[in-house]
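Chemist: Below is the sequence, then the predicted model.
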Amino acid sequence: MAPSSAPAEEAGSGTDGSGPDGAAPAQDRCEAREERRRLIREEALARGFVRSADLAAVHDVSLMTVHRDLDHLQAQGWLRKVRGGATSESSPRFHGSVTARTEAMASTKRRLARAAAQLLTPGQTVMLDDSTTCAQMTRYFVESAPLTVITNSLPAMTGLARQPGVQLISLGGTYFPAYEAHMGPHTADSIREYSAGIVFMSATAITRGRLYNTSPETVQVKRAMLRAAKCRVLVADHTKFRQEGLYALAPLTDFDFLVVDDGLGAREIRAIRERGTQVVVVARS
């Protein structure tokens, strides 16, 4: 019989940690798989798009294995499968990487965060969502201490953990590394145990008077936060009003305040105010 020409992981030799007898220990196979997925994730984030055929060749595995890897990474929120491969570019169905979102409109986000923090009063219980915009607010919380802060965002937890005068309550649930946040039904259920004076959140898109996000898990948690808070504040740069999203979150009229930069047109600002939401406009420079 002719020797097999199957990829290494199927033939029992090569990069998956298997030995010459084709029987790799389960732990070695698991470690090889996780390392391969890490490399695929990093390449997708660095290049924006990766081809399935190229990944199969580089990692010496079958196309079916690559598809399983991409399915796994997509479920974690790292990328989105498209025809022929996967992309890390943002779209109505994919949020983009945390790094990319943090760097987008970075200076404007800092100004928005500063303005939003002015709505805080000492002694409040505050909820923060997992958005990169709201994570910027944490540097200003000490100015309004004492505060109790409830959040599912790991960057927010890290930023607040050692701030004096801040009692931090971290929400559990399933951790999504690509979002750097806990999300899903367990997180939403835990929010129901709390009541907050104010919640700050952002959204992927604001279109036709409604907020949208790219994942149902995110929407589930944000809706729970909205129900738990007496005052609701949306913090969003003007580009969010030009985006499209997949999962509807809430009407813009559900928010008491909108903190936005002056890139949003005067006509749109006036229309939002006429519908009952107070608008705080921040200069971009």
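Modeler: Thanks, I have it.
Chemist: switch to C-alpha atoms for all contacts and neighbour counts from now on
Modeler: Will do.
Chemist: Tell me where the stretch 1-150 of the chain has strands.
Modeler: Taking DSSP state E, counting those that start in this stretch as the criterion, the stretch 1-150 of the chain carries its strands at 49-51, 80-82, 85-87, 125-128, 147-151.
Chemist: again with the stretch 151-285 of the chain
Modeler: Counting by DSSP E, counting those that start in this stretch, the strands of the stretch 151-285 of the chain are 166-170, 174-176, 181-183, 196-201, 205-207, 210-213, 229-235, 247-251, 257-261, 278-282.
Chemist: and the second one, how far from the chain's centre?
Modeler: So the one you mean is strand 174-176. 11 Å (C-alpha atoms, centre = their mean, to the nearest Å).
Chemist: sorry, back to before: can you tell which of the strands of the stretch 1-150 of the chain is closest to Thr277?
Modeler: Among these, the nearest to Thr277 by C-alpha to C-alpha is strand 125-128 (19.2 Å).
Chemist: who's in contact with that closest one?
Modeler: With C-alpha atoms under 8 Å, 6 or more residues apart in numbering as the test, strand 125-128 has contacts from 134-135, 147-153, 156, 195-201, 225, 229.
Chemist: Give the partner strands of it in its sheet and their orientations.
Modeler: strand 147-151 (parallel), strand 196-201 (parallel) (DSSP bridges).
Chemist: now the first one against strand 166-170, angle please.
Modeler: Put simply, strand 147-151 runs at 20 degrees to strand 166-170, going by axes from the mean of the first three to the mean of the last three C-alpha atoms, to 10 degrees.
Chemist: from the chain's centre, how far out does strand 147-151 sit?
Modeler: 19 Å.
Chemist: coming back round to it: export the strands of the stretch 151-285 of the chain as JSON lines, with columns for mean pLDDT, distance to Arg36 and mean neighbour count.
Modeler: As requested, the strands of the stretch 151-285 of the chain are exported to JSON lines (pLDDT from 0 to 100; distance: least, C-alpha to C-alpha, whole Å; neighbours: other C-alpha atoms under 10 Å):
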{"stretch": "strand 166-170", "mean pLDDT": "97", "distance to Arg36": "32", "mean neighbour count": "17"}
{"stretch": "strand 174-176", "mean pLDDT": "91", "distance to Arg36": "19", "mean neighbour count": "16"}
{"stretch": "strand 181-183", "mean pLDDT": "94", "distance to Arg36": "23", "mean neighbour count": "25"}
{"stretch": "strand 196-201", "mean pLDDT": "98", "distance to Arg36": "35", "mean neighbour count": "23"}
{"stretch": "strand 205-207", "mean pLDDT": "94", "distance to Arg36": "33", "mean neighbour count": "22"}
{"stretch": "strand 210-213", "mean pLDDT": "95", "distance to Arg36": "29", "mean neighbour count": "23"}
{"stretch": "strand 229-235", "mean pLDDT": "98", "distance to Arg36": "38", "mean neighbour count": "20"}
{"stretch": "strand 247-251", "mean pLDDT": "96", "distance to Arg36": "31", "mean neighbour count": "19"}
{"stretch": "strand 257-261", "mean pLDDT": "98", "distance to Arg36": "41", "mean neighbour count": "25"}
{"stretch": "strand 278-282", "mean pLDDT": "98", "distance to Arg36": "44", "mean neighbour count": "18"}
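Chemist: Would you agree Val149 is in contact with Leu168?
Modeler: Yes. With contact defined as C-alpha atoms under 8 Å, Val149 counts as touching Leu168 (5.1 Å).
Chemist: All the helices of the stretch 101-250 of the chain, residue numbers only.
Modeler: 106-117, 132-135, 154-160, 185-191, 216-228 (DSSP state H, counting those that start in this stretch).
Chemist: okay, those helices, which one's buried deepest?
Modeler: For the helices of the stretch 101-250 of the chain, average neighbour numbers computed from mean count of other C-alpha atoms under 10 Å are highest in helix 132-135, which has a mean of 26.
Chemist: Which residues does it contact?
Modeler: The contact list for helix 132-135 (C-alpha under 8 Å, 6+ apart) reads 98, 101-102, 109-110, 112-113, 128, 153, 155-156, 200-202, 235-236.
Chemist: ditto for stretch 207-219
Modeler: For stretch 207-219, the external contacting residues (C-alpha under 8 Å, 6+ apart) are 92-95, 183-185, 203-206, 241-253.
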